[in-house]
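here you go, sequence then predicted model.
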Amino acid sequence: MGSLALRVGAAYLGEDYVFSRDVVILVENGIITDIVEANRWSGRYLDKKGLVAAPALYNAHTHMFDAAFQEAGIGLSLREAVAPPSGLKHRLLRSTPPSALAEAFKDALLRIASWGVAGVADFREGGLEGCRLGLDAAEGLPVAYVPLCRPSPGLGDLDEVAASGRGFGIPSPLAYSEEELARIREAARRVGKPIHVHVSEDRDEWLQRDYIKAVNVLGADVLVHATLLTEEQVEEVASRIKGVVVCPRSNQWWGAGLPPLSALLDSGVAVALGTDNVAWVKPDLWREMEAAFNVLRLQKPGYADPARVLRMATLDAARLVGLERRGLLKPGYAADIILLDPARLGLRWSKNPLASLVKRGGPEAVAETYIGGKLVYPRLGP
């Protein structure tokens, strides 16, 4: 893949995203090897002094193929829109030609790459056929694609789905018998792949203690949404799972409420951001970060730690979906780098550049996206 040296006007470096001016980021074979002050570097470099470098973003929960029917059924409730098997989205997934689903998916994936996203976890419905459709459609695209696949009703393709995807994406533990949940758990353990599951998004299911089945029977590794969990329930699950993915804008859209974000972070559990259904929520992690920051301020007055919010869309998001050594501008990590226009962030006037990145960042500020050290936006050549 070769070498790359980027000289940037400033960069958000390391696990604390320290705003450091005039540095050169050195890349070898897609990996950051060093980051040095520009006055200490005498070699050649790409001159990007007018731009600011940040780690690329990772979307920890989406339904990417829903991009084929944006804003369908705009006034429907959550259950009417997405509940399997008869919700609108499932009827549309069955009736839309696979070629159209794949085309919409590719368009959405390339679009989010231009917004600075280097990886995405996708709940892939449709059993083995749906899992393969996602893998085939993502082939050759720059964004790291993590299909979390769902076995068909009856689990007839369970072992094939376990082998094909990067893990399981389960709609709700209440959609299966306890015997079926145990079979899914054992299939995942045999192949060493994680289980992600929707939990505590719908009040009726929460009242039936869906999170208890998710943790105790299914053995879930990652809970998605967790919107209605109480602080006591957060403490209960925090020691038993790998992490939680929250989607505050989706929860607001569907009227589900707000995730207990401050309690989750205080519990010590890893928390990541996702954008959920592409059909109804723009898969824009910049908007999601600002929304999460606002939720934290609402739930915990005085809370102002933009580093924790950025980590939810970078380092912790990448880790929770199995993308290791990504999400930081740090030697040894993948060279997944966004170059941003500081004028579009208003950094000249900022008293807190990290907070400005979280609160004011957006697709319009992204000038270039590098994934694995390769420029993927804007593309070079035809």
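Yep, that arrived. Residues are numbered from 1 along each chain as shown.

can you give me the domain assignment for this structure?
3-56+327-377, 57-320 (automatic domain parsing).

and the first one, how far out from the chain middle?
Read it as domain 3-56+327-377. The chain centroid and the centroid of domain 3-56+327-377 are separated by 20 Å under CA atoms, centre = their mean, to the nearest Å.

looking at that domain now, give me its mean pLDDT.
The average pLDDT for domain 3-56+327-377 rounds to 97.

got it, and stretch 197-211?
Per-residue scores along stretch 197-211 average to 88.

which other residues reach the helix or strand hosting S262?
Assignment of secondary structure by DSSP states H and E places S262 within helix 261-267. The contact list for helix 261-267, computed with CB atoms under 8 Å, 6 or more residues apart in numbering, reads 226, 229, 231, 234-235, 238, 244, 246, 248, 271, 292, 295-296, 299-300, 303, 308. Backbone N, C-alpha and C define where each C-beta goes, glycine included.

which parts of stretch 316-334 are buried?
316-323, 326-329, 333-334 (16 or more other CB atoms under 10 Å).

just confirm D47 contacts V8, I think it does.
No - here D47 does not reach V8: they are 9.3 Å apart, not a contact under CB atoms under 8 Å.

who's more crowded, these two?
Comparing D47 with V8 by other CB atoms under 10 Å, the one with more neighbours is V8, at 27 against 10.

give the buried residues for stretch 71-89.
73, 78, 81-83, 87-89.

my bad, should have said stretch 138-150
Of the residues in stretch 138-150, those buried (16+ other CB under 10 Å) are 138, 142-150.

hmm, back to that, could you identify which of the domains of the chain is most buried?
domain 57-320 (a mean of 20; mean count of other CB atoms under 10 Å).

could you tell me the end-to-end distance of that domain?
From its first residue to its last, domain 57-320 covers 13 Å (CA to CA, to the nearest Å).

so the residue nearest to the spatial centre of the chain is in which element?
In the chain, the residue lying closest to the centroid (CA atoms, centre = their mean) is N59, at 1.5 Å. Following DSSP H and E, one finds N59 within strand 57-63.

what's that strand in contact with?
For strand 57-63, contacts defined as CB under 8 Å, 6+ apart pick out 89, 112, 115-123, 125, 144, 196, 224, 245, 247, 272-279, 283, 285-286, 313-314, 317-318, 320-321, 323, 326-327, 338.

so which of these belong to helices?
89, 112, 285-286, 313, 317-318, 320 (DSSP state H).

which two from the residues you listed end up farthest apart in space?
Farthest-apart pair in those is K89 and A318; separation 26.9 Å (CB to CB).

wait, what's in contact with Y370?
Contacts of Y370 (CB under 8 Å, 6+ apart): 4, 6, 56, 335-339, 376.

cutoff 7 Å now
Applying CB atoms under 7 Å, 6 or more residues apart in numbering, we find Y370 in contact with 335-337, 376.

and the nearest residue to V8 once chain neighbours are set aside, which helix or strand is it part of?
For V8, ignoring the flanking residues on the chain, the nearest one in space by CB to CB, 6 or more residues apart in numbering is A53 at 4.4 Å. Per DSSP H and E: A53 is located in strand 46-55.

what about G130, which SS state?
For G130, the secondary structure call by DSSP: H, G, I helix; E, B strand; the rest coil comes out as helix.
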